[in-house]
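# here's my sequence, what's the structure:
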Amino acid sequence: MKKCTTRRLDKVPPSGIRKFFDLISSMEGVISMGVGEPDFATPWHITEAAIHSLEQGFTMYTSNAGMLELRQELSAYLKRTYDLDYDPDTELLITSGVSEGLDLAVRAIIDPGNEVIMPDPAYVAYPACVLFADGVPVQVPTYCENDFRLPASDVEAAITPKTKAILIGYPANPTGAVMEMERLAEIADVARRRKLLVISDEIYNLLVYDMEPTCFACLPGMKDHTIMLGGFSKAYAMTGWRIGYAAARHEIIAAMTKIHQYAALCAPTMGQIAAIEALRSGEPEAKRMIEEYDRRRRVIVKGLNDMGLDCFEPRGAFYAFPSIRSTGMSSEEFAESLLMEEKVAVVPGTAFGKCGEGHVRCCYATSMSNIEEALNRMARFVHKHRPG
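This next block holds a predicted model:
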């Protein structure tokens, strides 16, 4: 039978994260440190706002761009948080999570053959979205020795006449790495001089420890050259609500909205209602969750280092990215064997790029009791498999 699916799909492997989710679903007693999802329930007053809207029968479509009330609240939030002015009518788009926002951004700006520079390792969707748009992902290696930061000099060295954009996400998934404003400013300088757009995935921007949140569009001259992607999933424990946003100059938002209105029409209405409440009064609960993540972060990093899995200190998101090279195993072998022998689920670093080899991702968005038990099991596993 003649092949009926597009060749571009052949370039994209199945998600390495989902492979382990499928394994976990068939096993009992597994402690999962694989899923990048808060273990907290959405704060009740946010859920209650959505329930009230359902009770009032507010279940219809919204504007393609999202509810104006939400865009106005978002505009006010970006102003008070970052001193950025975005017109709620023309420069903001409400999306079905940051995942849709990323897909829209890439498809809106990429022509076939255009190159997009991004770090390696990085979130699994980054290269995939570029490939789906017939673009070319250019993955620039980052290393533990440099805390997985993306050097501006390496970005500039990767630029060719086909380069259209730089795609970054800090705090980073899977490493927990952050980029201070002065380092981001170096990348901004490259983007300005080389006339490149920057797509900045800021879904974890509030989840930082011992530092203030950063925002790429805040850098001098970068607001009009940045597509900022943000959302509510991580900081407000709203993953299933599927609400994100894009902020950019009006012609980019118009192009993204054109795709969005055909592909998704609008983000979920009840999710938008919940997001309004989160922006108005969700900050105290978000801060409490972040404080708890910080407590877990310290425990897991110490536990990993104590068992001989060298782990640099993540300063954002809720992931640790320890080296497993001392075991002599590949990332895939380590993750599969740990799951089968000790029923602890982590994600091999290679799911996030070639430079993830020798590492695994451990998500600490799970209870402290689960983290402590997982560390005990991992220590037993590492002791058993350490060479010599």
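
# walk me through the domains of the chain.
7-42+284-382, 44-281 (automatic domain parsing).

# between the two ends of the longest one, what distance do you get?
By that I understand domain 44-281. Start-to-end span of domain 44-281 (C-alpha to C-alpha, to the nearest Å) is 11 Å.

# quick one: it to chain centroid distance?
9 Å (C-alpha atoms, centre = their mean, to the nearest Å).

# list the contacts of residue 158.
By C-beta atoms under 8 Å, 6 or more residues apart in numbering, residue 158 lies in contact with 117, 138, 140. Bear in mind the C-beta positions are built from the backbone N, C-alpha and C, glycine included.

# helix/strand/coil for the last one?
Classification of residue 140 by DSSP: H, G, I helix; E, B strand; the rest coil places it in strand.

# do the first one as well
Assigned state for residue 117: strand (three-state reduction, three-state DSSP).

# hey, what's it bridged with?
Beta-bridge partners for residue 117, by DSSP bridges, are residue 138, residue 166.

# show me where the stretch 251-388 of the chain has its strands.
With DSSP state E, counting those that start in this stretch as the criterion, the stretch 251-388 of the chain has strands at 319-320, 344-345, 347-348, 360-363.

# which one of the contacts of residue 158 has the most neighbours?
residue 117 (28 neighbours; other C-beta atoms under 10 Å).

# hmm, that one is touching residue 166, no?
Yes. Contact criterion C-beta atoms under 8 Å: residue 117 and residue 166 qualify, at 4.8 Å.

# give me the common contacts of these two.
Common contacts of residue 117 and residue 166 (C-beta under 8 Å, 6+ apart): residue 155.

# can I get stretch 52-60 as CSV, trimmed to CA atoms?
Provided in CSV are the C-alpha atoms of stretch 52-60 (Å, rounded to 0.1, in the frame of the first residue of the first chain):
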residue,chain,number,x,y,z
HIS,A,52,-19.1,29.1,39.0
SER,A,53,-18.8,30.0,35.4
LEU,A,54,-20.0,26.5,34.4
GLU,A,55,-23.0,26.9,36.8
GLN,A,56,-23.8,30.1,35.0
GLY,A,57,-23.8,28.3,31.7
PHE,A,58,-20.7,30.1,30.4
THR,A,59,-19.6,27.3,28.1
MET,A,60,-19.6,29.0,24.7
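
# ok, and what's touching that stretch?
Contact partners of stretch 52-60, identified using C-beta under 8 Å, 6+ apart, comprise 269, 270, 273.

# the second one touches residue 48, doesn't it?
Just to be clear, that refers to residue 270. No. Counting by C-beta under 8 Å, residue 48 is not a contact partner of residue 270; they are 11.5 Å apart.

# residues contacting the nearest residue to residue 327 once chain neighbours are set aside?
With C-beta to C-beta, 6 or more residues apart in numbering as the criterion, residue 327 has its nearest non-adjacent residue at 5.1 Å, and that residue is residue 385. Residues near residue 385 by C-beta under 8 Å, 6+ apart: 327, 328, 329, 337.

# can you pick out the most distant pair from these?
Farthest pair in the contacts of residue 385 (C-beta to C-beta) is 328 and 337. Separation: 11.5 Å.

# and these two? Which one has more around it.
Neighbour totals were compared for residue 328 and residue 337, and residue 337 leads with 15 against 12 (other C-beta under 10 Å).

# list the contacts of that one.
Residue 337 sits next to 329, 381, 385 when contact means C-beta under 8 Å, 6+ apart.

# equivalent analysis for residue 310, please.
Residues counted as contacts of residue 310 (C-beta under 8 Å, 6+ apart) are 144, 304, 322, 323, 326.

# what's the pLDDT at the second one?
The reference is to residue 304. What the model reports for residue 304 is a pLDDT of 98.
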